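[1] what shape does this take:
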Amino acid sequence: MSIAAAFNSANSGLGANARQAETLSSNVANASTPGYVRREVIVAARADGAGAGGVRVDGIRRDVDIFLLNARRAGQAAAAASAQDQGARTRLERIMGDTESPGSLVNRVNALDAALIAAAGRPESEARLADVADAAARLAGALNDASRATQEERMAADREIAAAVARINTATQRIDALNTRIRTLVASGGDVSGLKDERAALVDSIAELVPLREEDRGQGTIALFTTGGAALVDGRAARLDFTPASAITAAMTVADGDLSGLGYDGLSVPIGGEAGLFHGGRLAALFAQRDSVAPAAQAQIDALARDLVLRFADPAVDPTLSPGDAGLFTDAGGPYDTASPDGLAGRIRLHAAVDPRAGGSVTALRDGLASGTSRELGDATQLLALSTALGARKPSATPAIVARDHSSGELAAALLSLASTGRVSSDSEAAFHAARLAGLQDIEARRGVDIDAEMQGLLVLERHYAANARVIQTLDRLLASILEI
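    Here you go, the predicted structure:
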């Protein structure tokens, strides 16, 4: 080997050693940095036409297990979706209230029952009649509040959907731009590790919204697909579209065109169901909250309101009423509107005839809502009829929700049980997916930077560097000796 060839070989070794030392040091320094991926310098033998040797740096490899990465991102989406569902069901259960809360629907029904029984014991007492009117008004108000809070849940989900769609669009456009920069740098032999880290962080930032699958497209670029098959980035960034609502009422649905669905490159795509293109992440859970979970809760609250409105509108309960008249509880002041069943809980009101704030008199509870005359002060017939009607076990007006016969109190308790059952089920689902994600993250962390191994690598590099430096020193002395001859 010539002196020049030996010098070039040792010099290339020093250059590779320096690059390796820089990379190992970066690994150690960023061992605790979230999202950092271990790097490794790729070196290969170099030879010229004369057979001289040496090494060259072929690039830097990021130590990524793509299968584990995709599994963790899928777990991230599932955990976020179940957490979103759990939060929504927990809040909806609170809207119904529990048996310990004085303001719960169950206790409001029970309070009305107790007030009727007390008033029937002393029908001449206007104070007790006022207690009945107050209990009935509080029950109607609790249903109004529950309906309003349920629609606020839908409205909150609608706003979060809009924010999620904007976040996905911003991230995918940035990922597409990074693909272009990375492809250019790879072609020129530049280091793209930092850009790949930035791109991976962007993918992770939207992985909770939609379950993603990453695929290598060569030259350092990637393609991103949802697990349902929608291409978010593949040569270009796809665009999602969504139009948030300014207000949401109980009767508004996507099917009727009142609410926006999800647009994907100009096409309307379904969200629900296992076959949905965007099924499985927090975005799908938000759509479910707006379009199925909260509407189901509204239907349950409406079922109780319907039971109360129809139960007291029966002329057999109040003989002063004619068929079709409103009873103690009204639909926005009138009889039940069968053409608009959705949102009844938000429209239920105390009959104006017994509401002093509306010009009525509490004595109408004793005399009958449409009576033109007064009963004897001690006549409790009408009050007993109202109490009996509230406690009577009747066939369900909404068999799809509660099929068995029930009193109003039993219906309220059954609806609370349904809400609690849904919440408990979501708790279990959320705990499972959170544990699964934690396990995947732990596996990923164990595959990260091992500081002890990196330090050992630095010690080995130190010896390699010293060996190459000694070769150059030896060549320097040899050249000096030749020049002295």
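
[2] now the residue nearest the centre of the chain: closest residue in space that isn't a chain neighbour?
    Using Cα atoms, centre = their mean, the residue of the chain that lies closest to the mean C-alpha position is residue 84, 3.3 Å off. Distance criterion Cβ to Cβ, 6 or more residues apart in numbering; nearest residue to residue 84, sequence neighbours excluded, is residue 285 at 3.9 Å. In short, each C-beta sits where N, CA and C put it, glycine included.

[3] assess the claim that the one you found and residue 79 are in contact.
    No - counting by Cβ atoms under 8 Å, residue 285 stays clear of residue 79, with 10.7 Å between them.

[4] how many residues are close by residue 318?
    Residue neighbour count, defined by other Cβ atoms under 10 Å, stands at 24 for residue 318.

[5] helix or strand for it, which one?
    Secondary-structure element containing residue 318, defined by DSSP states H and E: none, the residue being outside all helices and strands.

[6] can you give me the strands for the stretch 101-250 of the chain?
    Per DSSP state E, counting those that start in this stretch, the stretch 101-250 of the chain has strands spanning 212-218, 221-226, 231-233, 240-241. These are given in chain order.

[7] over to the stretch 301-450 of the chain?
    Along the stretch 301-450 of the chain, counting by DSSP E, counting those that start in this stretch, strands occupy 329-331, 348-350.

[8] with mean neighbour count added, can I get these in CSV?
    Output for the strands of the stretch 301-450 of the chain, formatted as CSV (neighbours: other Cβ atoms under 10 Å):
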stretch, mean neighbour count
strand 329-331, 23
strand 348-350, 23
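
[9] could you dump the ones you listed to TSV with mean pLDDT and distance to residue 194?
    Conversion of the strands of the stretch 301-450 of the chain to TSV gives the following (pLDDT from 0 to 100; distance: least, Cβ to Cβ, whole Å):
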stretch	mean pLDDT	distance to residue 194
strand 329-331	97	64
strand 348-350	97	61
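
[10] mind checking which of those strands is nearest residue 191?
    If you check each of the strands of the stretch 301-450 of the chain against residue 191 by Cβ to Cβ, strand 348-350 wins as the nearest, at 67.6 Å.

[11] packing partners of the closest one?
    Counting contacts by 3 or more Cβ pairs under 8 Å, 6 or more residues apart in numbering; DSSP states H and E, the secondary-structure elements packed against strand 348-350 are helix 126-188, helix 294-312, strand 329-331.

[12] hmm, who's touching the last one?
    Just to be clear, that refers to strand 329-331. If you take Cβ atoms under 8 Å, 6 or more residues apart in numbering as the criterion, strand 329-331 is touched by 136, 140, 305, 308-309, 312, 337, 344, 347-352.

[13] tell me which residues in stretch 363-371 are buried?
    Of the residues in stretch 363-371, those scored as buried under the neighbour-count criterion (16 or more other Cβ atoms under 10 Å) are 363-371.

[14] continuing past the helix or strand bottoming out on mean pLDDT in the chain, what's the next helix or strand?
    Counting by mean pLDDT, DSSP states H and E, the chain has its least confident helix or strand at strand 55-62, which shows a mean of 72. Tracing the chain past strand 55-62, the next element assigned as helix or strand by DSSP H and E is helix 66-96.

[15] re the thing from before, if you compare the strands of the stretch 101-250 of the chain, which one is most tucked away?
    strand 231-233 (a mean of 23; mean count of other Cβ atoms under 10 Å).

[16] just the buried residues of stretch 363-371: which are in helices?
    With helices taken from DSSP state H, the overlap with those comprises 364-367.

[17] turn those into CSV, including distance to residue 5.
    Supplementary listing: those in CSV, determined by distance: Cβ to Cβ, whole Å:
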residue, distance to residue 5
364, 112
365, 110
366, 115
367, 117
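
[18] and residue 472, what's its pLDDT?
    Residue 472 is assigned a predicted lDDT (pLDDT) of 79.

[19] wait, it sits on residue 10?
    Yes - in this structure, residue 472 sits in contact with residue 10. The criterion is Cβ under 8 Å, and the distance is 5.0 Å.

[20] which one's more surrounded, the two?
    Residue environment comparison for residue 472 versus residue 10 gives the larger neighbour count to residue 10, 20 against 16, counting by other Cβ under 10 Å.

[21] so which strand or helix has that one?
    With DSSP H and E as criterion, residue 10 is part of helix 3-29.

[22] right, and the helix or strand after that helix?
    Moving toward the C-terminus from helix 3-29, the next helix or strand (DSSP H and E) is strand 39-45.

[23] can you give me the mean pLDDT across that following strand?
    The pLDDT scores in strand 39-45 average 75.

[24] could I get that strand in PDB with only the CA atoms?
    Extracted in PDB, the C-alpha atoms of strand 39-45 (Å, rounded to 0.1, in the frame of the first residue of the first chain):
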ATOM      1  CA  ARG A  39     -29.600   6.900  15.300                       C
ATOM      2  CA  GLU A  40     -26.800   4.700  13.900                       C
ATOM      3  CA  VAL A  41     -24.100   5.700  11.300                       C
ATOM      4  CA  ILE A  42     -23.900   3.400   8.400                       C
ATOM      5  CA  VAL A  43     -20.400   2.900   7.100                       C
ATOM      6  CA  ALA A  44     -19.100   0.800   4.200                       C
ATOM      7  CA  ALA A  45     -15.800  -0.100   2.600                       C
END
